[in-house]
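*Asks:* Attaching a predicted model along with its sequence, questions to come.
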Amino acid sequence: MMSNTQEAYIQTLRQIKDAEDSAEKEIEARKSEVEEEIRNMQIQIEKLIEASKAEGENLVIKSIEESRRKALADADSIIKEAQIKSKNISAQVNNQTIQKIIDILLRGVE
């Protein structure tokens, strides 16, 4: 027959074992929750990275398009300015040529 002390000791050991089992289950449950949270965070981070990458690519494309438009506008402006200058130069040459012709004619008349 067991004494009360032995029964109390065995009961205490069972309580300790039950507490250990319970703590182990809680730890495993929390570990699973944390692992799931980490997986979810990794998925969110990957999505954010992809979204940021796409946004960056769009910004680069927009920047290239804007630079192209600006370059075309600058080129058009330069071409128009060159056309105006060439007309002015052409008119000056014609006026100079006419003046030379008049001078030659006037010399011939004298």
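*Replies:* That came through, no problem. Numbering: from 1, shown residues only.
*Asks:* Please count neighbours and contacts with C-alpha atoms only from this point.
*Replies:* Fine.
*Asks:* what packs against the helix or strand encompassing residue 99?
*Replies:* Using DSSP states H and E, residue 99 sits within helix 4-109. Contact partners of helix 4-109 among helices and strands, from 3 or more C-alpha pairs under 8 Å, 6 or more residues apart in numbering; DSSP states H and E: none.
*Asks:* average pLDDT across that helix?
*Replies:* Mean per-residue pLDDT for helix 4-109: 91.
*Asks:* from here on, count from 43
*Replies:* New numbering, starting at 43: the last item is helix 46-151.
*Asks:* Report the distance from that helix to the chain centre.
*Replies:* Relative to the centre of its chain, helix 46-151 is centred 1 Å away, using C-alpha atoms, centre = their mean, to the nearest Å.
*Asks:* burial count for residue 118?
*Replies:* 12 (other C-alpha atoms under 10 Å).
*Asks:* Distance check, it against residue 112.
*Replies:* Per C-alpha to C-alpha, to the nearest Å, residue 118 is found 10 Å from residue 112.
*Asks:* now do residue 73
*Replies:* Distance from residue 73 to residue 112, by C-alpha to C-alpha: 57 Å.
*Asks:* Roughly how far does residue 110 sit from residue 104?
*Replies:* 10 Å.
*Asks:* for residue 79, same thing?
*Replies:* 37 Å.
*Asks:* Same question for residue 45.
*Replies:* Applying C-alpha to C-alpha to residue 45 and residue 104 gives a distance of 87 Å.
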